[in-house]
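[1] for reference, the sequence and a predicted model appear below.
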Amino acid sequence: MSDLPLDSVRVVVTRSREQSASLIDALEELGATAVPIPVIEITDPPDGGAALRSGLAALRAGDWLVITSPNGATRVAAALDGRPLAAGVSTAVIGPGTKARAEAASLTVDLVPSSSIAEGLLEVLPLPAAGGGTMLLARAEQARSLLPDGLRARGWTVDDIPAYRTVAVPVSPDDVEACRHADVAAFTSASTVRHLVEGVGRENLPPVLACIGPATADQAAALDLTAHVEAQDHTIPGLVDSIAAAIPQMVLLRPEPAAAADSQWMLEQYFAEIDERFDSGLDRDNVLTTDLDEITPPAGLFLAGRLGGQPVACGVLKIVEPGVADIKRMWVSEQVRGRGVGRRLLQRLVAEARAMGLRRVQLETNRVLTEAIALYRSEGFTEVDAFNSEPHAHHWFALDFS
């Protein structure tokens, strides 16, 4: 096994094509396999930048220019076309990435808040002088109103100018499939979160979501998603470093061959634990089968969970009739219990069933497995009448897809 921290880890890169090279290179240097699924494109605002050029030219001493993203810094530099801002105009930016882009374009940055969100900038921007002043905001066409509203409340005249537009890029069916089988999605802006979810669907997102900063993580939260990784340094290198630090501590779920030695070992761990927990032990001669041909595509699926490359969880799908699959053999090692692995395992099995075009998944369980019963119910499974003759089962559950 490679010593690289992201060896064979598949990371979805959501940035626009023209901006993805540095992120892809940094990931691949650490062993990752980049999965480019650009979901946004950066374009000119409807007026081609005329309002930005006019607004920049109108700034005077005591006014401020506020740039909220690296894309905004690029557009400001293009609008200035080498001309300096008027004497006495100050520049504030959000985030170290924006600061670096602005300085690379020969802009002098006077203020960078410690918190890379609009709220952080509001905390540190000064009040206007007695005669008032203008804050020119160079940012995306669609952005939160918190910053301009907050500045106006403090007495500033706010010129909120679209410096660029973020538009969605359609994703293909191949993109959806690649996303579903990736391990991590790397989000570099709130818009990449929103557009990836819209493009591939929540059920096809990778199990680990990594965000470049708090505003991006907030967008994930607004969509009821969990940002498992949030970069401490809100830059592309910071995002990559945070992913590389977190992934070796996370359980990654992937389909694997049911016949592989690790797969068979995990199934044996499942049987051993069930035999210990059931009141009367396990009669393996009478349990319903999950033979290799029954849990190998297209008849089924074996899903493995690994921590640092070591097998720690599994579950299978077994198609029992057209459109219907049983979920069976769900096992999570004691080593990783209490970390939400069982829930993620169940969710991934459901997502795989959806992708296979099934209309229902179902499972049975023993009454002593109370934590499993609670999990099934919390994930939307409904208790139903017995649908098979599993001798060790006391409860049967099903989930129908809309």
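    Now that the structure is in, tell me what you want to look at.

[2] quick one: distance of the one helix or strand residue 166 maps to to the chain centre.
    Under the criterion of DSSP states H and E, residue 166 resides in strand 157-168. Taking C-alpha atoms, centre = their mean, to the nearest Å, the mean C-alpha location of strand 157-168 is offset from the chain mean by 25 Å.

[3] strand partners of it, parallel vs antiparallel please.
    strand 40-43 (antiparallel), strand 134-140 (parallel) (DSSP bridges).

[4] for residue 81, which of those is the nearest?
    Between residue 81 and the strands paired with strand 157-168, the shortest gap by C-beta to C-beta is with strand 134-140, which sits at 14.6 Å. Backbone N, C-alpha and C define where each C-beta goes, glycine included.

[5] coming back round to it: closest to residue 146 out of the strands paired with strand 157-168?
    Closest approach to residue 146 among the strands paired with strand 157-168 (C-beta to C-beta): strand 134-140, 11.3 Å.

[6] what mean pLDDT would you report for the closest one?
    Per-residue pLDDT values over strand 134-140 give a mean of 92.

[7] show me how far that strand is from its chain's centre.
    In terms of C-alpha atoms, centre = their mean, the centre of strand 134-140 is set 29 Å apart from its chain centre.

[8] next helix or strand past that strand?
    helix 146-153.

[9] how about the contacts made by residue 270?
    Residues near residue 270 by C-beta atoms under 8 Å, 6 or more residues apart in numbering: 314, 329, 330, 331.

[10] residue 269 is in contact with residue 333, isn't it?
    Yes: with contact defined as C-beta atoms under 8 Å, residue 269 reaches residue 333; the gap is 7.1 Å.

[11] reformat the strands paired with strand 157-168 as CSV; add distance to residue 160 and mean neighbour count.
    Shown next, in CSV, are these (distance: least, C-beta to C-beta, whole Å; neighbours: other C-beta atoms under 10 Å):
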stretch, distance to residue 160, mean neighbour count
strand 40-43, 18, 18
strand 134-140, 5, 23
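
[12] re the thing from before, can you tell me what sits against the strand holding residue 166?
    Around strand 157-168, the neighbours that count as contacts under C-beta under 8 Å, 6+ apart are 39-46, 49, 51-52, 55, 58, 71-72, 75-76, 79, 128, 132-142, 148, 151-152, 189, 191, 195, 198-199.

[13] quick one, which of those are buried?
    The neighbour count (16 or more other C-beta atoms under 10 Å) marks 39-40, 42, 44-45, 49, 51-52, 55, 71-72, 75-76, 79, 128, 133-140, 148, 151, 189, 191, 195, 199 as buried among the contacts of strand 157-168.

[14] that's a strand at residue 34, yeah?
    Yes: membership of residue 34 in a strand is supported by DSSP: H, G, I helix; E, B strand; the rest coil.

[15] tell me the spacing between it and residue 234.
    For residue 34, the distance to residue 234 equals 20 Å [C-beta to C-beta, to the nearest Å].

[16] same check on residue 227?
    Distance of residue 227 to residue 234, given as C-beta to C-beta: 13 Å.
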